[in-house]
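Student: Sequence and computational prediction follow.
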Amino acid sequence: MFDQLSDRLQATLSDVRSRGKLSESDVDAAMREIRLALLEADVNFKVVKTFTKTLKERCLGADVLGSLDPGQQVIKIVNEELTGLMGGTGSELAFASSGPTVILMAGLQGSGKTTACAKLARFLRENGKKDVALAACDVYRPAAVDQLVTVGGRVGAHVYEKGTDADPVEIAAWALEQAKTERRDVLIVDTAGRLHVDQELMEELSQIRKRVKPHDVLLVVDAMTGQDAVGVAESFADAAEFDGVVMSKLDGDARGGAALSVKAVTGKPILFASTGEKLEAFDRFHPDRMASRILGMGDVLSLIEKAEQQIDEDQAADLERKLRKNQFTLEDMLQQMRQVRKMGPLSGILGMLPGMGAMKQLKNADIDEGQLDRVEAIILSMTPEERANPGLIKGSRRKRIANGSGTRPQQVNQLIKQFDQMRKMMRHMTSGKMPDAQQLAAMTGGAPRPKVRRR
Amino acid sequence: MILADTGAPTTAKVVERLEHEVEAGTVPADGEAVQARLIEILAEVAATARAPIDLSGEPAVLLMVGVNGTGKTTTIGKIAWHLSKEFGLSVVLAAGDTYRAAAAEQLAEWADRAGAELVRAEEGSDPGAVAFDAVEAARARGADVVIVDTAGRLHTQTNLMEELAKVRRVIAKQMPGAPHETLLSIDATTGQNGLRQAKIFAEAAEVDGVVLTKLDGTAKGGIVLAIADELGIPVKLIGTGETLEDLRPFDPTDFANALLTD
C-alpha cells in the first residue's frame, strides 16, 4: 500500500527537487494522494479533511532536504503530524491511591471487550498488580458470563458473577464491595456490547459508571471499524466519558484508521493494542507504529529517519554533483558504502525499503558483510590515482592491490567490473530511469547475487 | 458514499457512470432525478448475482464463516429460528467453534430458543469432526437443515483459513455436494478491510453470500457494495438487532436508499 502512496507522491512531486521548495500546487497534488490513502485506511472523511488542511499549511514552503526526495519529505511531515495527533504524551491508566482500582470496559458488540478484559487483567498482573478481579456484567449475550469465567480463570483473575438474572448495575456495585472486602488491587468490569444508539443500554452504562466510580473507563474499538467510528466514539464519550481506548484485532491487516478518527474527535488517547488470539497478545499502544500502519508504510519511516541522521547533507550534495558530471570514483564509492553501512546491517536496510520487503529473494537474502569488508580493503590498497582512474589497474598493480588487501587478482578485477557497471547505472539514474532489482542487488557493494537461505 | 464505507474505487466508478449518463442526457440534470438514478445504480451494483439461499439439499448444509465478533453465532440462531418457526423445518446446529471459551454454550442457548437440535464436542476438539457428526446425525434423523458454526478468525491467519477449507472437505466427505451454502458474516461497521475479508474467505471457503450484521446502528455497511462490485459476492441476509426476528432478506433498493440518508 505504502509503495503506492510513496510512489504516487514521488511521481506527483518529481520535478520539485530542481526548485528546492514545495509550491502550493505541489502540495495540493500531494494532499490529494494523502487524502485517498487515509480514506483507504478508514480514517473518517471529516477527520481527513481537517487533517489535510493542517498538513497543507505545514508542507507549504517546506524545504526539500538534500537527503530526502520530495515524496519522502512530505511523508515525513505526514507521519510527524499523524504521530502527534495520535500520541498524547505518556498516557497511562490512573490507579487508585487506596483500595481497588476500578476499570470499566465498554464498546459495541463484537469489538472484543470480554477478551480485552482478560488480556488487561493478565497485563496488569505481569506489571505489578498482584490481585486482579473481573466483574461479569454482560447478562444479555448468551454464555458471556461463562466466557468471562473461563478466560478469567486462564489469566488467574477471580471473576465476580451473579449469572444472568441480576441487574448489571447491581452486579457491578456488588462486585466492587466484594473487591474492597477481599482487598483486590484491581477490578475490571466487563459490560455487554451495546449499540451507541441504544438509549436504554447507554443509560445503563452511565448508571454503572455512576455506581462504581471507575478510575478508568476504556472503550474497546475494533481496528477494522470504518467511517462510523466517529459516531460511536462520540456517543460513548457522552454516556461513559471514557478515558482511553483499547484497539482490538490489530493483528489483522486492517490499516486501523479508526484509531485516528477516535482520537481526533474525542481527544482520548489510545492506551492499549490487542494483537492476537492468545491472551498475552496485548501491549501498550505505540502511536508512531500506528501512524506508519495507517499510511501503510512499514518501517520506511525509520529508514527515512536514519537516512536523515546519518547522511551528511553536504556530502550528499557533493556526490550528486559528481554523479551528474559522471565523476564518480572508487573513492566516492568507498565513502558511499561507509555511509550506508553506518545505518546498520545491509540486510536490515533492504528489508525496510518498500517494494524490497515484498521481494522474496531479498527478504531471505543473506547479504555477506564480509564481502563488503573485502571491497573496502581492496579500495584501501589502491593509490589515490588508481581510485580516481581504475583504468590504470593492470597486471602488476592488480597483483600489488590483491596482495595488499589479502585477496586474489580476480577479485580485484571483479570489483572494477562492478564499479564500471555501477557508473553506467548511475548515468541512467541521473537521467531519470530507475535501476531494476537485479542491478540494485549487484550494486550493494559487490555481493554478486544474494544468497538465498534455505528455510 | 464515502461516509457509508463504500470505499473510494467503487464510489468513483458509480459517480463516473452517473456523470456520463447526465452528460449524455439520459438522466435529466436535476437534483431529484440524479439522486433517483444514483439509487438505481447503487441497487444494481448491490444486486450482483442474486440467488436465494439454497435449501434443496437433504439435508441442506449451511456453513457460517467470518472474522471474530461479526455475529456468526447470533446469525445462526436467527436463521435456525426462522427456518424452524416460520417454515416448519427441522434444524440441526453444529457447534464448530471449539476455540472460543463458552462458544458452544452460546450456540446451545440459541438452539434452545429456536427449537433446534445441537451437536457439540469438547472445547479444543476438531471442528471438522463436529461438522461431520452433525451432518451424519441430521441424515440419520432426516432433518431438513444443518447449520455449521465456526470459530471467528482473522483472514490473515493462514493456518486457520486452511482449517476452514478442511472443514469444508470433511463435510463433503460425509455428504457429497455439501456444504450447499457458505455464508460470510460482515459487520456493518467494518471499513475497507471488509473487502480483504471477503476476498480471502472466498478463496478459502467458496463463499456464496454475505450476511450483513448489526445494521441497526448508524453504520451503513457500504463495504458490501465494494464486495459485490469487485468480487461479485451478493448480500443474502441482513441482521438488524438482537432478537430472533431481527433477520431479513436483503433488498438492494432499500439498502441503496438507506446508504444515502442520514
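Tutor: Perfect, thanks for sending it.

Student: Which residue ranges of the stretch 51-200 of chain A form helices?
Tutor: Using DSSP state H, counting those that start in this stretch, the helices found in the stretch 51-200 of chain A span residues A:70-87, A:113-126, A:144-154, A:168-181, A:199-212.

Student: Looking at strand pairing, list the partners for the nearest residue to A:Lys213 once chain neighbours are set aside.
Tutor: What sits nearest to A:Lys213 in space, not counting adjacent residues and going by CB to CB, 6 or more residues apart in numbering or on different chains, is A:Val102, at 6.9 Å. Just so you know, the C-beta spots here come from the backbone N, C-alpha and C atoms, and that holds for glycine as well. Under DSSP bridges, the beta-bridge partners of A:Val102 are A:Leu187.

Student: Point out the most buried one among the helices of the stretch 51-200 of chain A.
Tutor: Most buried of the helices of the stretch 51-200 of chain A by mean neighbour count (mean count of other CB atoms under 10 Å in any protein chain shown) is helix A:113-126; its value is a mean of 24.

Student: relative to helix A:144-154, how tilted is that one?
Tutor: Helix A:113-126 and helix A:144-154 are oriented at 20 degrees to each other (axes from the mean of the first three to the mean of the last three CA atoms, to 10 degrees).

Student: So which elements touch helix A:113-126?
Tutor: Packing partners of helix A:113-126 (3 or more CB pairs under 8 Å, 6 or more residues apart in numbering or on different chains; DSSP states H and E): strand A:101-107, strand A:132-137, helix A:144-154, strand A:186-191, strand A:216-222, strand A:244-248, strand A:270-274, strand A:282-284.

Student: Which of those has the lowest mean pLDDT?
Tutor: Lowest mean pLDDT within the helices and strands packed on helix A:113-126: strand A:282-284, at a mean of 89.

Student: next one: it to chain centre, how far?
Tutor: 15 Å (CA atoms, centre = their mean, to the nearest Å).

Student: Does that strand reach chain B?
Tutor: No - judged by CB under 8 Å from any CB of the partner chain, strand A:282-284 and chain B are separated, with a smallest distance of 14.7 Å.

Student: Which helix or strand lies directly C-terminal to that strand?
Tutor: Using DSSP states H and E, the next helix or strand after strand A:282-284 towards the C-terminus is helix A:287-294.

Student: which of the residues in that following helix are buried?
Tutor: A:Pro287, A:Asp288, A:Met290, A:Ala291, A:Ser292, A:Arg293, A:Ile294 (16 or more other CB atoms under 10 Å in any protein chain shown).

Student: Turn these into TSV, including distance to B:Asp126 and pLDDT.
Tutor: Converted to TSV, these look like this (distance: CB to CB, whole Å; pLDDT from 0 to 100):
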residue	distance to B:Asp126	pLDDT
A:Pro287	41	84
A:Asp288	42	78
A:Met290	37	81
A:Ala291	42	80
A:Ser292	39	76
A:Arg293	35	80
A:Ile294	38	82
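
Student: is it possible to export the residues you listed to CSV including distance to chain B?
Tutor: Below are the buried residues of helix A:287-294 laid out as CSV (distance: CB to the nearest CB, whole Å):
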residue, distance to chain B
A:Pro287, 20
A:Asp288, 22
A:Met290, 15
A:Ala291, 17
A:Ser292, 17
A:Arg293, 12
A:Ile294, 12
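
Student: Kindly indicate which of those residues lies nearest A:Thr191.
Tutor: A:Met290 (25.5 Å; CB to CB).

Student: Assess the claim that the closest one and A:Ala259 are in contact.
Tutor: Yes - when contacts are counted by CB atoms under 8 Å, A:Met290 is listed as touching A:Ala259 (5.5 Å).

Student: Mind pulling the model confidence for the closest residue to B:Glu122 other than its chain neighbours?
Tutor: With CB to CB, 6+ apart as the criterion, B:Glu122 has its nearest non-adjacent residue at 7.4 Å, and that residue is B:Thr98. Looking at B:Thr98, its pLDDT reads 94.

Student: Which helix or strand contains B:Thr98?
Tutor: Here B:Thr98 is assigned to no helix or strand, by DSSP H and E.

Student: same thing with B:Leu183?
Tutor: Per DSSP H and E: strand B:181-187 holds B:Leu183.

Student: show me where chain B has strands.
Tutor: B:60-66, B:91-94, B:117-119, B:145-148, B:181-187, B:209-213, B:235-239, B:247-249 (DSSP state E).

Student: Identify all contacting residues around the first one.
Tutor: Just to be clear, that refers to strand B:60-66. B:53-54, B:72, B:75-76, B:79, B:131, B:135, B:144-150, B:152, B:164, B:167-168, B:171, B:175, B:178-186, B:197, B:201, B:205, B:207, B:211 (CB atoms under 8 Å, 6 or more residues apart in numbering or on different chains).

Student: who does that strand pair up with?
Tutor: As assigned by DSSP bridges, strand B:60-66 forms pairs with strand B:145-148 (parallel), strand B:181-187 (parallel).

Student: which non-adjacent residue is nearest B:Gln14?
Tutor: Gln isn't right for residue B:14; it's Val. In space, B:Val14 is closest to B:Ile41, 5.6 Å off (CB to CB, 6+ apart).

Student: mind checking how far the residue nearest to B:Thr11 when sequence neighbours are not counted is from B:Pro59?
Tutor: Once flanking residues are discounted, B:Thr11 sits nearest to B:Met1: 4.3 Å by CB to CB, 6+ apart. Distance, B:Met1 to B:Pro59, by CB to CB, to the nearest Å: 41 Å.

Student: quick one, which of the two is more surrounded?
Tutor: Higher neighbour count among B:Met1 and B:Pro59: B:Pro59, with 25 against 20, using other CB atoms under 10 Å in any protein chain shown.

Student: Check the burial of the residue nearest to B:Val14 by counting its neighbours.
Tutor: B:Ile41, neighbours per other CB under 10 Å, totals 17.

Student: what's it in contact with, if anything?
Tutor: B:Val14, B:Arg17, B:Leu18 are the contacts of B:Ile41 under CB under 8 Å, 6+ apart.

Student: Now do the nearest residue in space to A:Pro142 that is not next to it in sequence against A:Gln109, distance only.
Tutor: Leaving aside its chain neighbours, A:Pro142 sits nearest to B:Glu109 (3.5 Å; criterion: CB to CB, 6+ apart). Remark: distance between B:Glu109 and A:Gln109 (CB to CB) = 16 Å.
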